[in-house]
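Student: sequence and predicted model, in that order:
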Amino acid sequence: MGVRARLAGFLGVRPLAPDAAGQRTVRRAGQAEPALADVPSGELSRRLRAAGDDGDALALVRDLGRRALGERAHDNQLSAVLGLLAGRIVQLDTGEGKTLVGALAATLSSVRGRHVTVLAANDYLARRDAEWMRPLYDAAGVEVAWVGATSAPGERRAAYAADVVYVAANELGFDTLRDRLVRDEAERVRGRREVVIVDEADSVLVDQARLPLVLAGAVDDAEADTAMAELVASMRPDTHYTVSADGYGAGFTTAGEELIEQTFGVDLYSEADGGRTLTLANLAVHAEALLTRDVDYIVRDGAVQLVDASKGRVAHLQRWPDGLQAAVEAKEGLAPSQAGEVLDSVTAAELVEEFGLLCGMTGTAASAVEQFDRMYRRRVEVVAPDVPCVRDDEPLALYATRADKLRAVVDRIAAAHASGRPVLAGTPSVADSEELAALLADAGVACVVLNAKNDEAEAAVIAEAGRRGAVTVSTQLAGRGVDIRLGGSTGSRDEIAALGGLLVVGTELNVAARLDDQLRGRAGRQGDPGGSAFFASLEDDLVARHARLRASSGADGRIAAAGARAQAEHAQRVAEGLALRIYANTHSYAEVPRRQREHVLARREQLLALPEPERGVRLHYLDRAWTDHLAHLAQVREGTPLRSLSGKAPVVEFNAEAVRAFEPLLQDAEDDADAFLAAHPDLTDAAELGLGRPSATWTYVARDDPFGSPLDRLLRGVAGRLLGRPGDDERPAAS
């Protein structure tokens with residue numbers, strides 16, 4: 001058990017091992033297996049549906065899988081199946097066959113009469129796994145389907161009606177949001193919500209948990225000021241604006257504010273301006289100082305495309321809040337994309353709470369044991385690999401400067417490459433991957449780069465990453481669902497094994513140990529030899545932000561002191577703790593609106609059985625009231641931190657206002673609808689009078705609050721006033 005797993009145990013949350021009863025069940029399955037050799041497949045399927053004993057059921061479904069797929073599940077995979085059926089998050093190492101485990105569990109659930117949704121990390125994996133496992137489902141008489149981003153409404157409806165449906169978490173969320181706003185029951189696409197099996201559970205349920213999926217309706221375009229973007233780009237850091245020590249905030253100095261006022265002829269804090277210019281300026285400085293091209297986003301096909309930091313891929317459906325999105329587009333000289341108002345939103349946690357049974361699987365669950373316990377009340381079960389892992393994981397190599405570290409990384413990769421050993425190097429961003437590739441080229445080492453700019457080449461790159469002499473530089477590999485085979489597609493496994501197997505090189509500590517573990521896990525699959533070497537420096541963002549340590553180094557810049565390495569690794573745990581605290585804070589603000597949404601949805605269900613045009617009118621006013629309520633709550637949340645200065649808890653104040661504002665909502669919507677219907681007694685079509693749906697709707701994944709938490713911004717502002725900026729005491733606080 002690793003350090004983090006032991007620490008979790010001390011904190012009262014401990015990973016589980018398969019229990020004795022489960023092990024006995026697996027043994028019974030093994031004992032029952034020989035008698036099935038001559039049983040026809042059709043008879044196996046019939047027996048499976050009638051099986052009352054878990055041991056018999058496991059033996060039957062394993063033999064169906066062997067015949068249909070040519071893959072016989074190992075005993076540890078059957079233990080993982082039992083863990084899923086018990087509602088646990090199962091850790092099964094990379095290369096141990098999680099896809100088959102999920103299909104076996106889904107098959108058993110389905111033949112017992114329960115509908116199953118398998119949540120995949122992305123569209124590609126949803127389709128791949130459904131098609132890959134289809135022979136097993138067909139043999140068991142289970143209908144399987146999948147949903148993708150391009151699936152039409154009719155295709156989605158049919159897929160969700162199948163016994164087992166594979167779907168990306170985002171697509172399930174977007175379908176949920178669209179179903180909530182239907183004007184007719186027949187428009188709905190989703191069906192039963194009984195069992196959900198989450199693949200790459202830590203990626204879906206932890207990494208994505210803070211970012212709500214949003215359904216937006218078109219409004220006037222977001223304001224973006226190219227002139228403001230150009231002015232801010234011309235400003236000098238530390239003279240006109242400063243960046244906070246944590247790197248999350250930026251603000252103007254007095255000189256910067258004066259330059260803006262002189263350039264645009266406004267008083268930034270006058271009531272006449274209404275804060276418009278200051279808002280545009282704050283957005284522009286955030287875009288300029290805190291968001292970096294080829295790190296936070298790339299520009300491709302004339303558009304800003306955000307990069308998912310946990311996966312290293314383009315996040316095709318993500319965007320910042322509209323004002324910041326427009327500010328980044330102005331910074332890059334692009335036309336602003338369409339803006340919208342939030343019609344509704346949902347988080348991954350809310351999605352899976354709809355199901356009667358939640359379970360999941362991943363290769364790195366033990367590193368997130370506390371998150372699964374606190375966020376989902378799910379226990380983590382660690383299933384041992386079929387063949388013990390023999391990967392050699394070296395201790396962290398810490399360097400004084402980033403330049404020292406990169407020299408060491410290049411030297412290590414070059415040495416392995418010279419011996420013919422394949423290397424996979426993981427980097428935190430697109431820019432870092434390209435920088436490392438350039439340094440390797442200077443050292444005479446050819447490499448292939450896999451990042452957000454060419455992620456469509458992923459399958460081809462990964463297929464050859466294990467061949468002799470291959471050097472692959474990649475951003476995050478989380479949720480990619482692929483294994484690197486020694487020898488590549490045509491080479492000899494034994495030849496590469498003799499060289500030591502795949503060497504994984506981490507060029508920087510990630511914000512979560514799970515991401516490092518996922519990278520390490522690409523080597524040493526199914527008992528293969530392999531190794532990992534991770535590098536860090538005192539100048540790395542994570543270490544500099546959370547450790548603030550100084551230590552002496554050798555001539556090559558390496559810091560040998562074990563205590564310094566421990567502090568660098570501790571910085572990672574601090575970052576993980578902050579992420580968990582942010583999630584808990586987000587959840588505390590979301591709980592009351594979630595319950596209020598349930599009341600609104602219940603009222604919608606009632607209205608869907610009234611006739612047109614009354615139905616359309618009443619749904620319009622109810623949806624309009626809810627949209628306005630969400631906008632109001634967003635404004636309230638911005639203001640509640642002010643009350644913390646008087647000793648009041650912000651979340652308590654927010655919840656109190658949320659309850660007060662919601663009390664008249666349902667009745668007000670009814671009254672507005674009554675008044676409209678009374679004024680239009682001959683109405684035949686509500687849409688004719690502008691009461692239809694928004695002219696356009698779209699879905700996206702919202703990003704974190706671009707300026708940090710409201711309290712953080714408030715405290716920064718208070719600090720600025722305490723430092724005595726001229727005129728600050730006469731100006732209202734703005735954020």
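Tutor: Received it, and whenever you're ready, just let me know what you need.
Student: quick one, what contacts residue 497?
Tutor: Contacts for residue 497 (Cβ atoms under 8 Å, 6 or more residues apart in numbering) come out as 486, 528-529. Where C-beta positions appear, they are placed from N, C-alpha and C, glycine not excepted.
Student: pLDDT value on it, please?
Tutor: We note a pLDDT of 96 for residue 497 in this prediction.
Student: report the buried residues of stretch 108-119.
Tutor: Of all the residues in stretch 108-119, those buried under the rule 16 or more other Cβ atoms under 10 Å are 108-111, 114-119.
Student: list the contacts of that stretch.
Tutor: For stretch 108-119, the external contacting residues (Cβ under 8 Å, 6+ apart) are 48-49, 57-58, 61, 81, 85, 102, 106, 126, 129-130, 140-142, 163-169, 172, 191-199, 204, 352, 355-357, 360.
Student: all helices for the stretch 151-300 of the chain, in order.
Tutor: Across the stretch 151-300 of the chain, reading from the start of the chain, the helices by DSSP state H, counting those that start in this stretch fall at 153-161, 169-180, 201-202, 226-234, 254-264, 276-289.
Student: relative to residue 13, which of those helices is closest?
Tutor: Closest approach to residue 13 among the helices of the stretch 151-300 of the chain is made by helix 201-202 (14.7 Å; Cβ to Cβ).
Student: rounded mean pLDDT for the closest one, please.
Tutor: When pLDDT is averaged along helix 201-202, the result is 91.
Student: does residue 432 touch residue 506 like I think?
Tutor: No: the criterion here is Cβ atoms under 8 Å, and residue 432 misses it with residue 506 at 11.5 Å.
Student: in which helix or strand would I find the nearest residue to residue 47 once chain neighbours are set aside?
Tutor: With Cβ to Cβ, 6 or more residues apart in numbering as the criterion, residue 47 has its nearest non-adjacent residue at 5.6 Å, and that residue is residue 60. Using DSSP states H and E, residue 60 maps to helix 54-69.
Student: residue boundaries of the strands in the stretch 251-400 of the chain?
Tutor: 297-300, 303-308, 313-314, 318-319, 340-346, 357-362, 380-382, 392-393, 397-399 (DSSP state E, counting those that start in this stretch).
Student: ok, the last one: who's next to it in the sheet?
Tutor: Spelled out, it's strand 397-399. Looking at strand 397-399 with DSSP bridges, its paired strands and their directions are strand 530-537 (parallel), strand 558-559 (antiparallel).
Student: give me the mean pLDDT for whatever helix or strand comes next after that strand.
Tutor: The C-terminal neighbour of strand 397-399 among helices and strands, as given by DSSP H and E, is helix 402-419. Computed over helix 402-419, the mean pLDDT rounds to 97.
Student: so what does helix 402-419 touch, helix or strand wise?
Tutor: Using 3 or more Cβ pairs under 8 Å, 6 or more residues apart in numbering; DSSP states H and E as the contact criterion, the elements in contact with helix 402-419 are strand 397-399, strand 423-426, helix 430-442, strand 502-506, strand 530-537.
Student: so which of these comes closest to residue 301?
Tutor: Taking Cβ to Cβ as the criterion, helix 430-442 is the member of these that comes nearest to residue 301, at 15.6 Å.
Student: please identify the pairing partners of whichever helix or strand comes after the closest one and their relative orientation?
Tutor: The C-terminal neighbour of helix 430-442 among helices and strands, as given by DSSP H and E, is strand 448-450. With DSSP bridges as the test, strand 448-450 is paired with strand 471-474 (parallel).
Student: so after the partner strand, what's the next helix or strand?
Tutor: In the C-terminal direction, the helix or strand that comes right after strand 471-474 (DSSP H and E) is helix 493-498.
Student: how distant is that next one from the center of its chain?
Tutor: 36 Å (Cα atoms, centre = their mean, to the nearest Å).
Student: repeat that for stretch 542-560.
Tutor: Shown here is stretch 542-560, whose average C-alpha point lies 31 Å from the average C-alpha point of the whole chain (Cα atoms, centre = their mean).
Student: and the pLDDT at the residue sitting nearest the centre point of the chain?
Tutor: For the chain, the residue whose C-alpha lies nearest the mean C-alpha position (Cα atoms, centre = their mean) is residue 208; its distance is 2.5 Å. Residue 208 is assigned a predicted lDDT (pLDDT) of 77.
Student: excluding its backbone neighbours, what's nearest it?
Tutor: The shortest distance from residue 208 to any residue other than its chain neighbours is 5.3 Å, reached at residue 348 (Cβ to Cβ, 6+ apart).
Student: repeat for residue 596
Tutor: On the basis of Cβ to Cβ, 6+ apart, the spatially nearest residue to residue 596 that is not a chain neighbour turns out to be residue 662, at 4.9 Å.
Student: was I right about the one you found contacting residue 629?
Tutor: Yes: when contacts are counted by Cβ under 8 Å, residue 662 is listed as touching residue 629 (6.5 Å).
Student: tell me which of these two has more neighbours.
Tutor: Using other Cβ atoms under 10 Å, the more surrounded residue of residue 662 and residue 629 is residue 662, with 21 against 18.
Student: so what's residue 563 up against?
Tutor: Neighbour list for residue 563: residue 551 [criterion: Cβ under 8 Å, 6+ apart].
Student: can you tell me how far it is from residue 179?
Tutor: As for residue 563, its distance to residue 179 is 55 Å (criterion: Cβ to Cβ, to the nearest Å).
Student: what of residue 194?
Tutor: Separation of residue 194 from residue 179 (Cβ to Cβ): 17 Å.
Student: over to residue 588?
Tutor: From residue 588 across to residue 179, the span is 27 Å (Cβ to Cβ).
Student: and residue 515, that one's in a helix?
Tutor: Yes: counting by DSSP: H, G, I helix; E, B strand; the rest coil, one finds residue 515 located in a helix.
Student: per-residue pLDDT, it?
Tutor: With respect to pLDDT, residue 515 has a value of 86.
Student: burial measure for it, as a count.
Tutor: Number of residues near residue 515 (other Cβ under 10 Å) recorded here: 27.
Student: separation between it and residue 367?
Tutor: Applying Cβ to Cβ, the value for residue 515 to residue 367 is 9 Å.
Student: can you pull out the low-pLDDT segments for the stretch 1-150 of the chain?
Tutor: Counting by pLDDT under 70, the ranges of the stretch 1-150 of the chain that qualify are 1-12.
Student: and the helices in it?
Tutor: Residue ranges of the helices in the stretch 1-150 of the chain, as given by DSSP H, counting those that start in this stretch, are 3-10, 20-32, 41-50, 54-69, 75-85, 98-111, 123-140.
Student: and the fifth one with strand 357-362, angle?
Tutor: Taking axes from the mean of the first three to the mean of the last three Cα atoms, to 10 degrees, one finds helix 75-85 and strand 357-362 inclined to each other by 140 degrees.
Student: show residues contacting helix 75-85.
Tutor: Outside of helix 75-85, the residues that reach it under the criterion Cβ under 8 Å, 6+ apart are 18, 22-23, 25-26, 29-30, 54, 58, 62, 73, 90, 92, 96-98, 100-102, 104-105, 108-109, 197, 359-361, 381, 383-386.
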